[in-house]
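Novice: please find the sequence and the predicted model below.
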Amino acid sequence: MKTIPLGTGARPGGRPASLAWAVMVLLPLAAVAAALVSQHVYDMQPCPWCVLQRVVFVAMALVAVPALLLRSTLARRLLAGVTLLLAGCGAAAALWQHFVAASSTSCNLTLADRIVSSLGLDSAWPEVFAAYASCADAAVKLAGLSYEFYSLALFIALAGLALRLLRHPA
C-alpha cells in the first residue's frame, strides 16, 4: 500500500486536487476571454444573459483561488459547494437565454440586467460586463450550435469537477 504524506493535496489513484482547483480557476477565465474575443474582434455583442454568464464564470474563478491556496479539507469542501451552486446558476442562465430570452426582442430590465447593474460591473468595467445587444440580436451560432450551449457545456463540466472536488477535496 502506497503512503501519501499529509498536506500534499494528493489522493490515492488521482492527481493532486490542486490541479483540479487550478482548472477551476483557468477554464472559467478562458471562457470569459473567448467571449471577449468574440465581442471585440468578431463584433458579437453580448446581451444581458451573456453578461450574467460572464459574471458567473468570474465568480467561479474567484471562489476557486482560495481553494487552490488553502489546504483545509473543510474549506475546500465549502468552496466546492459554492462552485457547484455557481455552475448551476450559470447553466440556468444559459438555458434561460436559449429557450426564453433569445425569442424576445427586448431583454431590458430582466433579472440578468438587475443582477449585473446591482453589482455595478456594467459601469465599472463596461468593456467586459455591459450588454450591448438584445437577446434576439445576440442569438448567434458557432459551428451550427447556439453560442450559449458552449457556455452550458462548460458549466456542466465545471459542475462535474466541483462534485468531484466536493467528494475528494484534499
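Specialist: Yep, it's here.

Novice: sheet-wise, list the partners of the worst-scoring helix or strand of the chain on mean pLDDT with their directions.
Specialist: Counting by mean pLDDT, DSSP states H and E, the weakest-scoring helix or strand in the chain turns out to be strand 141-142, with a mean of 76. Strand pairing for strand 141-142, using DSSP bridges, gives strand 145-146 (antiparallel).

Novice: how far away is the residue positioned nearest the centre of the chain from W96?
Specialist: Centroid-nearest residue in the chain: F57, 2.5 Å away (criterion: C-alpha atoms, centre = their mean). Here the criterion is C-beta to C-beta, to the nearest Å. By it, F57 lies 16 Å from W96. The C-beta positions use only the backbone N, C-alpha and C, and glycine is treated the same way.

Novice: low-scoring stretches of this protein, by residue?
Specialist: 1-15, 105-109, 138-139 (pLDDT under 70).

Novice: quick one: the helices in it, in order.
Specialist: Ranges of helices in the chain, per DSSP state H, are 17-40, 48-69, 73-99, 111-119, 121-124, 126-129, 147-167.

Novice: as CSV, those helices with distance to K141 would be great.
Specialist: Formatted as CSV, the helices of the chain follow (distance: least, C-beta to C-beta, whole Å):
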stretch, distance to K141
helix 17-40, 12
helix 48-69, 14
helix 73-99, 11
helix 111-119, 21
helix 121-124, 26
helix 126-129, 23
helix 147-167, 7
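
Novice: tell me the most buried of these?
Specialist: Among those, the stretch with the highest mean neighbour count (mean count of other C-beta atoms under 10 Å) is helix 48-69, at a mean of 22.

Novice: thinking again about what came up before, residues in contact with the closest residue to the residue nearest to the centre of the chain other than its chain neighbours?
Specialist: Sequence neighbours aside, P28 is the residue nearest to F57 in space, at 3.8 Å (criterion: C-beta to C-beta, 6 or more residues apart in numbering). By C-beta atoms under 8 Å, 6 or more residues apart in numbering, the residues touching P28 are F57, V58, M60, A61, A64, L154, L158.

Novice: what do you get for E148?
Specialist: W49, C50, Q53, A94, L95, Q97, H98, A102.

Novice: can you add distance to F149 and give the residues you listed back as a markdown table?
Specialist: What follows is the contacts of E148, written out as a markdown table (distance: C-beta to C-beta, whole Å):
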| residue | distance to F149 |
| --- | --- |
| W49 | 13 |
| C50 | 13 |
| Q53 | 12 |
| A94 | 7 |
| L95 | 9 |
| Q97 | 10 |
| H98 | 7 |
| A102 | 11 |
